[in-house]
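Peer 1: One predicted model, sequence on top.
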Amino acid sequence: MTVKFSKDHEWVKVDNGIATIGITNHAQEQLGDVVFVELPAVGKTVTQHGQAAVVESVKAASEVYAPVSGEVVEVNKDLEGDPALVNRAAEGEAWFMKVKLSNPGELDGLMDKAAYDKLIAG
Amino acid sequence: MTETTPRRTSLYDEHVKLGARMVPFAGYDMPVQYPSGIIAEHNWTRSNAGLFDVSHMGQCVISGSDFQTVAKAMERLVPADVLGLAPRQQRYSQLLSDDGGTLDDLMITRHEQDGLLYVVVNAGRKEHDYDWIEARLPRGMTLRPLDGLALVALQGPKAEAVLAKHVPQITVLPFMHSGDALIGGIKAQVSRSGYTGEDGFEISVANADAPRLWTLLLSDPLVKPVGLGARDSLRLEAGLCLYGHELDETISPVEAELVWSIAKRRRTEGGFIGADRVQRELAGGVSRRRVGIRPEGRAPAREGAPITDSAGREIGKVTSGGFGPTAGGPIAMGYVEADAASPGTRINLIVRGQALPAEIVKLPFIPNRFKR
């Protein structure tokens, strides 16, 4: 099971047609202390590169874009009570949502880890 | 100003060494946070002592033949009681426009040397303020920018203990007073003031001495560096205005709830630029007021968010909003219609198209701990 990355700094991990989505550790570092996460409603349809969630740091609100299209089947309720989990475990426990892929071909347009690391090394 | 290369304070290299994230602010490259992050820096300042580089602020000296002359000239420009300042005493005030809007807020100190006022203005307004003040000074008086000076703030409940290790007599310096001090052999002017709601000091030293002073203060285990991010969350919790947000040229000090900074004599006598509006508003009331706002949920409302009443009618806007680490949740300040400004009034904040319930609350969000 491989992890893919978007240029907007989201990661996506696919298992049996279900994509788990979060923001990258690099994104978390750039944001600083996360104080609030607004997640989409379960059942909502998100489109690739469309706005899917909002993450708020002390300083500002930032949009989180869906790296793939599909229906939201689950959101991470832990982030409501403990938004700072994003700072501690961005690419693990602090996943944002699970999406049932409507177009698995979209994954081919995303970066692998090596390409993403090269992007953020800038 | 955004097109030119940002200026650097004399502490720039220290910030970089400490791993600060530098951002452009008011024409300067300034540390927004150090590696520990905004919340940790905020909390450290509330429980120990935070060290801030505020050298971007505009320090200047206004001078004339004697104190009376200079104070009278200054009283034309600000609504504060300048004539009543004792030597080394400091006051907060505002520069007002002809129609009573706020051009900037500032700190005025009567220097111990006769005929000198030491003034600190906001970084982003210094060129404007210097021009405005100079053009209105009587002949024989001058304004001299003190570009050779750096300014650092040491803020927090342990600030006094830290500074007293170098300057034992600092413990008797009263709030809003300044004095000369030698800190580790460095000549400094220290005032007991700040922008965090905590006890603390602002320390003015020569640019060349600033890195040594910074390093010396940071060598104390009670002191950690704090960036502009936490400076903003600290002042927001303390209910203090930030120019460009709670204050601008359309807002009067009466609307901004700064009447406490206008002495009784000045309210009655007037005689300052903008006095017509201030006196009219003091007598007849204002149509909007600055208020504190507590959103009910966890979502912060940011600057610009519309404020509506229970019927959905827009009654104002948020001017600063974010997360208050000590308050333990989202907090904001804004302006609302005067009859909706009482604490306890239920309002809504429009955030991303949704109406979030909130309440008008008394400022500050956390009690000030100035040493009176």
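Peer 2: Nice, I can see it.
Peer 1: Let me see the ranges of the strands in the stretch 51-200 of chain B.
Peer 2: Using DSSP state E, counting those that start in this stretch, the strands of the stretch 51-200 of chain B run over B:58-63, B:90-96, B:102-110, B:116-121, B:142-145, B:149-155, B:178-183, B:186-191, B:200-206.
Peer 1: Any residue of the helix of greatest length in chain A touching chain B?
Peer 2: The single longest helix within chain A, with elements called by DSSP state H, is helix A:113-121. No. Looking at helix A:113-121 against chain B by CB under 8 Å from any CB of the partner chain, there are no contacts, and the closest approach is 15.0 Å. To be clear about C-beta, it is placed using only N, CA and C from the backbone, and glycine gets the same treatment.
Peer 1: Give me the helices and strands touching that helix, please.
Peer 2: Applying 3 or more CB pairs under 8 Å, 6 or more residues apart in numbering or on different chains; DSSP states H and E, we find helix A:113-121 packed against strand A:3-5.
Peer 1: Which stretches in chain A count as helices?
Peer 2: Using DSSP H, helices in chain A cover A:25-31, A:78-81, A:85-88, A:113-121.
Peer 1: Any buried residues in the third one, and which?
Peer 2: For helix A:85-88, the neighbour count (16 or more other CB atoms under 10 Å in any protein chain shown) marks A:Leu85, A:Val86, A:Asn87 as buried.
Peer 1: A:Glu106 is nearest to which of the helices of chain A?
Peer 2: helix A:113-121 (15.8 Å; CB to CB).
Peer 1: which of the residues in the closest one are buried?
Peer 2: A:Tyr116.
Peer 1: And for stretch B:311-329?
Peer 2: B:315-327, B:329.
Peer 1: How about it and chain A, touching?
Peer 2: Yes. For stretch B:311-329 and chain A, the contact criterion (CB under 8 Å from any CB) is met by B:Gly322, B:Phe323, B:Pro325.
Peer 1: Not counting its neighbours along the chain, what's nearest the residue nearest the centre of chain A?
Peer 2: Centroid-nearest residue in chain A: A:Gly22, 2.5 Å away (criterion: CA atoms, centre = their mean). Counting by CB to CB, 6 or more residues apart in numbering or on different chains, A:Gly22 lies nearest to A:Trp95, which is 4.2 Å off, once chain neighbours are set aside.
Peer 1: Surely the one you found touches A:Lys77?
Peer 2: No. Using CB atoms under 8 Å, A:Trp95 is not in contact with A:Lys77; the gap is 11.3 Å.
Peer 1: Out of the buried residues of stretch B:311-329, list just those in strands.
Peer 2: B:Ile315, B:Gly316, B:Lys317, B:Val318, B:Thr319, B:Ser320, B:Gly321, B:Gly322, B:Phe323, B:Gly324, B:Gly329 (DSSP state E).
Peer 1: For the fourth one, which residues count as its bridge partners?
Peer 2: Read it as B:Val318. B:Gly334 (DSSP bridges).
Peer 1: Please name the residues that touch it.
Peer 2: For B:Val318, the contact set (CB atoms under 8 Å, 6 or more residues apart in numbering or on different chains) comprises B:Ile293, B:Ala301, B:Arg302, B:Glu303, B:Gly304, B:Ala305, B:Pro306, B:Ile307, B:Ala332, B:Met333, B:Gly334, B:Leu349.
Peer 1: Chain A versus the first one, what's the distance?
Peer 2: When distances are taken as CB to the nearest CB, to the nearest Å, B:Ile293 and chain A turn out to be 16 Å apart.
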